[in-house]
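Chemist: I'd like to go over a predicted model; first the sequence, then the structure.
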Amino acid sequence: MQKINWGIIGLGSVAKEFADAFNEVKNANLLAVASRDYNKIKIFKNNHQIKNDYCFERYEDLINSKEIDIVYLALPTFLHKKWMIECLVKDKKILVEKPATMNSKEIIEVNKTCGNNCNITEGFMYLFHPQIKKTIQLIQDGEIGELISMSSFFGTNLLTKKNWFGFIKKKKINPNKRIFNKEKGGGAILDLGCYPISFSTKIASLIESIKFENIDVLEKKVIIGSTKVDVDSYATLKFNKNFTSNVGASFSKDLGYKTEIKGSKGKLIIENTWTGNPSKIRLIKDKNETILNITSKKNIYSYEIEALSEALLNKTSAGLSVEDTIINMKIIDEWKN
């Protein structure tokens, strides 16, 4: 079987889980890794049988490797723009970890590198998971009728904890940590809010093609934390046909991973939208509830790798287009500001 050769730039915790997924994929091969931390390179080399010739301490060397078909950029957000452009100049396909860039201006600049037709996919792995595929199928089959609204949240409390006596105590926050540092792409909207935004635009696109000019970002609530990034944020997105989506992203509240999609005949509830673990869809119609359990024991990134590799082999596309990403980043900009 022909396989697509992947390279990973940036070897943090997400890259580790991503690399593990290659054990469950038949049409892809993890050929090369690059990091400025040689200790991380050694770990990946040993764990994934990477040959010495494909272990790079310079990102440029991996990008220049002719054997690499697609690069997964798992670097911090503030470095994405530069290294996406470096990849595109060398005609490399890109899977970039979410969010694609710091703002919409950056992704628009990147897209101009290849005449506004770049082969870039933003890394929302959940979109490839069977439970999301099933959700979209149910909507397209008319199970809940015409779409009316949805709500989608991603939040986990990183700011406080309970002590031995049950009292709430503030955690010590490191202002240099990426998610709490504005210059590094921190903030709940950029780090977590990009998930419910991407799902909202995906669902809205099932009604009709979407344009940013036809989207209103309303009822914005943005709470700024001690390190000057947003820590608890909410908004309502209004699309054409009066379809709306309430979205939320938080570092201070355990909002969970829940999505609820309402239609004229019923609604769908997904408890674990972003992880798919466990995978379960609740279909509620006429006061009756059906539980749809989705069998899935694979690494969630394996679906993404498999789909993108298949698309490259067949010269087709998979996942969000760069145009989708530009729309999503414009919504993020509007929400933040």
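Modeler: That came in fine, so what should we check first? Numbering: from 1, shown residues only.
Chemist: these two touch, right, residue 99 and residue 329?
Modeler: Yes - in this structure residue 99 lies within contact range of residue 329 using CB atoms under 8 Å: 7.0 Å. Just so you know, the C-beta spots here come from the backbone N, C-alpha and C atoms, and that holds for glycine as well.
Chemist: looking at these two, which is more packed in?
Modeler: The residue with more neighbours, out of residue 99 and residue 329, is residue 99; 28 against 25, by other CB atoms under 10 Å.
Chemist: which residues touch the more buried one?
Modeler: By CB atoms under 8 Å, 6 or more residues apart in numbering, the contact set of residue 99 is 77, 122, 185, 190-191, 194, 329, 332.
Chemist: can you list the domain ranges for the protein.
Modeler: Per automatic domain parsing, the structural domains of the chain span 4-123, 130-295.
Chemist: output these as a markdown table; include the columns distance to residue 317 and mean pLDDT.
Modeler: A markdown table is the format used below for those (distance: least, CB to CB, whole Å; pLDDT from 0 to 100):
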| stretch | distance to residue 317 | mean pLDDT |
| --- | --- | --- |
| domain 4-123 | 8 | 96 |
| domain 130-295 | 14 | 93 |
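Chemist: let's have those in CSV, adding distance to residue 312.
Modeler: Output for these, formatted as CSV (distance: least, CB to CB, whole Å):
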stretch, distance to residue 312
domain 4-123, 5
domain 130-295, 20
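Chemist: figure out which of those domains is closest to residue 321.
Modeler: Between residue 321 and those, the shortest separation by CB to CB is 8.1 Å, and it involves domain 4-123.
Chemist: what's the burial count for the closest residue to residue 293 other than its chain neighbours?
Modeler: Across the structure, with CB to CB, 6 or more residues apart in numbering as the measure, the residue nearest residue 293 apart from its sequence neighbours is residue 280 (5.5 Å). When neighbours are defined as other CB under 10 Å, residue 280 has 15 of them.
Chemist: same thing with the one 5 residues further on?
Modeler: By the other CB under 10 Å criterion, the neighbourhood of residue 285 contains 15 residues.
Chemist: count of neighbours near the nearest residue in space to it that is not next to it in sequence?
Modeler: Leaving aside its chain neighbours, residue 285 sits nearest to residue 266 (3.5 Å; criterion: CB to CB, 6+ apart). For residue 266, the tally of surrounding residues (other CB under 10 Å) stands at 19.
Chemist: so which of the contacts of residue 99 comes closest to residue 94?
Modeler: Where these are concerned, and distances follow CB to CB, residue 94 has its nearest neighbour in residue 122, at 9.4 Å.
Chemist: counting contacts, what elements does the helix or strand hosting the closest one pack onto?
Modeler: Using DSSP states H and E, residue 122 maps to strand 120-123. Judged by 3 or more CB pairs under 8 Å, 6 or more residues apart in numbering; DSSP states H and E, the packing partners of strand 120-123 are strand 93-97, helix 322-336.
Chemist: identify all contacting residues around that strand.
Modeler: Judged by CB under 8 Å, 6+ apart, the contacts made with strand 120-123 from elsewhere in the structure are 72, 84, 88, 94-100, 110-111, 198, 304, 308, 318-320, 322, 324-325, 328.
Chemist: same question, stretch 328-337
Modeler: Residues contacting stretch 328-337 (CB under 8 Å, 6+ apart): 99-101, 103-104, 106-107, 122, 187, 189-190, 193-194, 197-198, 201, 212, 215, 217, 220, 222, 230, 233, 235, 237, 247, 320.
Chemist: since that was my last question, I'll sign off now.
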